Structures are given as C-alpha cells and as structure tokens.
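> Fold the following for me, if possible:
(one chain, ligands or ions: 1)
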Amino acid sequence: MHRDKWKDDALCFEYDTNIFFDKYEEDETLRSAVDKLCSECPVSKTCFAVGVSTKEWGVWGGIYLEGGVISKEFNTHKSKKDWAETWQYLTTETANT
Ligand code: SF4
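Residues are numbered from 1 along each chain as shown. Next up, the predicted model:
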C-alpha cells in the first residue's frame, strides 16, 4: 500500500494548499472555515498524527503546527469549546474495523 494513501480521502484533496499555510497565517477570517473543513474530514486523525510525527508546519487535522508543535499564535481564534472538541476527537483512539 502506498504510504500516503490516506490523502486520497482528504477533503482538501483539490484545494489550494496555501490555505493551510501562508493564507491561514495572513487571513484571520479564513481560519474558521479551514478549521470547519478539517473537522469534517474523514482522515483528520491521521493528518494530525502525521503532522506531529513528521514535525510539519501548517494546518494538520485542523490544528496549526510549527515544526510538529501546536502553535500558540495561530490557534488562538478557536473557541474553548471548539478546541476541546477538536482535541478530544483527534486524540481519542478508535478501534480499527
Ligand atoms: S484534516 Fe484538514 S488538512 Fe488534513 S487532510 Fe483533512 S482537510 Fe486536509
């Protein structure tokens, strides 16, 4: 199996990748829309795990990372409720069926 097969199911498959990097940093009004897209993405858990483990930059699983570390600067727009729900979802193990 191809290592990045999970990307085939990504909701952002045909999106401009800059919205997860430069544009996310520059345009605060865009951030919530990108977060929502990621929250509905079927591979967000894998995306986040890959982003952390490979020390990536940009939005991975709906969380902005800086070298695999959660950014203090680019996640502040998230409400406490959104943050809690996102974090719980991304870090809760699910059984493989
Ligand atoms: S979680 Fe977001 S950035 Fe990751 S694959 Fe899905 S839509 Fe793309």
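> From here on, just use CA atoms for contacts and neighbour counts.
Noted.
> Identify the residues contacting residue 50.
residue 60 (Cα atoms under 8 Å, 6 or more residues apart in numbering).
> what does this structure have sitting close to the ligand?
Within the chain, the residues that sit near the ligand (Cα under 6 Å from any ligand atom) are 10-12, 37-38, 41, 43-44, 47, 59-62.
> Which of these fall within helices?
The helices, defined by DSSP state H, take in 37-38, 44, 47 from the residues of the chain next to the ligand.
> closest to residue 68 among the residues of the chain next to the ligand?
Closest approach to residue 68 among the residues of the chain next to the ligand (Cα to Cα): residue 60, at 9.2 Å.
> and the closest residue to the closest one other than its chain neighbours, how many neighbours?
Take residue 60 and drop its neighbours on the chain: the residue closest to it by Cα to Cα, 6 or more residues apart in numbering is residue 48, 4.7 Å away. For residue 48, the neighbour count with other Cα atoms under 10 Å is 22.
> Next up, the contacts around residue 48.
With contact taken as Cα under 8 Å, 6+ apart, residue 48 is in contact with 60-63, 90.
> Ok, residue 6 next?
Counting by Cα under 8 Å, 6+ apart, residue 6 touches 43, 46.
> ok, now with 7 Å
residue 43 (Cα atoms under 7 Å, 6 or more residues apart in numbering).
> again, but for residue 44
38, 61.
> That one and residue 26, how far apart?
23 Å (Cα to Cα, to the nearest Å).
> pLDDT score assigned to the most centrally placed residue in the chain?
Nearest to the mean C-alpha position of the chain, counting by Cα atoms, centre = their mean, stands residue 61 at 2.2 Å. You'll see residue 61 listed with a pLDDT of 97.
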